[in-house]
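> A structural model of the following input is requested.
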Amino acid sequence: MKIFPAIDLFDKKAVRLYKGDYAQMTIYSDNPVEIALDFEKQGAKYMHVVDLEGAKTGGTPNVSVIKEIVKSTNLFVEVGGGIRSLEVIKTYIDAGVSRVILGTSAVTDREFLKTAVQIYGDKIAVGVDIKDGFVAIKGWTEKSTLNAFDFCKELEQLGVSAVICTDISKDGAMMGANHALYKELNEKFNINFIASGGVSSMDDIVKLKTLGVYGAIVGKAYYTKAIDLKQAIEVANDN
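Below you'll find the model as predicted:
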């Protein structure tokens, strides 16, 4: 299983939200590049970046920081947050980003999603953020009428190779991951699922690895030191 330590960006700072609530934001660092370098030092090969401002506006207000992270490390960097045009995808790919995550745009514009997958293949992932069984969009501020499992089936048929799946009710709450959800997803679909939201202990890492999940995102638990990143990577046999 691959471990993806995470940086959420807002105003070029590394922050974390509680259950996706922008009003409950904690700033962890004014220097996200330093954090990325620490990820690498701890043995990470991958990292997950979300532009929280982009998620709301559809722009790329933190692209300069992301470019700096790519330039300063050898990490596989995946980026999400408000990516709603081929131009923005190209901006990130040209900047050296390894994989781009489509969220709201994948839900609201299937033609865009199809085109992106046709052009960029496995450099495109989709973020499926689940709220009460449905897909949430626009930085988690809206719940769509789309059933999460129906959507995953559609993504599989479109040839999407990786899905970052977040149980919003668990995100940033340090309450443990929704293991039953990831077990069901992994059994039903031929997709590389990355578990996100609530991965808050070594027990979570062990359980997700046992379930055969492709990857796990470690966010708040890294910053609060609830998970030792180096140990998590070793336990997951990150490769």
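
> Sketch out the low-pLDDT regions of this protein for me.
Flagging of the chain using pLDDT under 70 yields the residue ranges 138-141, 169-175, 238-239.

> at 80 what do you get?
Along the chain, segments meeting pLDDT under 80 span 19-20, 137-144, 168-176, 238-239.

> what ranges do the strands span in it?
With strands called from DSSP state E, the chain shows them at 2-10, 13-18, 21-29, 46-51, 76-80, 99-102, 124-131, 134-137, 142-147, 162-167, 192-196, 215-218.

> list the helices and strands the first one packs on?
Helices and strands touching strand 2-10, by 3 or more Cβ pairs under 8 Å, 6 or more residues apart in numbering; DSSP states H and E, are strand 13-18, helix 32-41, strand 46-51, helix 52-57, helix 63-72, strand 192-196, strand 215-218, helix 229-236. (Each C-beta comes from the backbone N, C-alpha and C, glycine too.)

> rerun at 7 Å
strand 13-18, helix 32-41, strand 46-51, helix 52-57, strand 215-218, helix 229-236 (3 or more Cβ pairs under 7 Å, 6 or more residues apart in numbering; DSSP states H and E).

> Need the contact partners of the first one.
Under the criterion Cβ atoms under 7 Å, 6 or more residues apart in numbering, residues 7-8, 24-30, 32, 35, 52, 172-173, 219-220, 223 lie in contact with strand 13-18.

> Quick one: buried ones out of the residues you listed?
The neighbour-count test (16 or more other Cβ atoms under 10 Å) marks 7, 8, 25, 28, 32, 35, 52, 172, 219, 220, 223 as buried among the contacts of strand 13-18.

> Just the closest of those residues to residue 79, please.
Set against residue 79, the nearest of the buried ones among the contacts of strand 13-18 by Cβ to Cβ is residue 7 (9.9 Å).

> Make sure that closest one is actually in contact with residue 49.
Yes. The pair residue 7 / residue 49 is scored as a contact, 5.3 Å apart, by Cβ atoms under 7 Å.

> and residue 144, which of the helices and strands packed on strand 2-10 is closest to it?
Of all those, it is helix 52-57 that lies closest to residue 144, at 14.9 Å by Cβ to Cβ.

> Neighbours of the residue nearest to residue 146 when sequence neighbours are not counted, how many?
What sits nearest to residue 146 in space, not counting adjacent residues and going by Cβ to Cβ, 6 or more residues apart in numbering, is residue 135, at 4.5 Å. Number of residues near residue 135 (other Cβ atoms under 10 Å) recorded here: 25.

> May I have the beta-bridge partners of residue 135?
The partner list for residue 135 in beta bridges (DSSP bridges) reads residue 130.

> can you tell me which residues contact it?
So residue 135 contacts 107, 128, 129, 144, 146, 148, 151 (Cβ under 7 Å, 6+ apart).

> For it, give its distance to residue 190.
For residue 135, the distance to residue 190 (Cβ to Cβ, to the nearest Å) stands at 20 Å.
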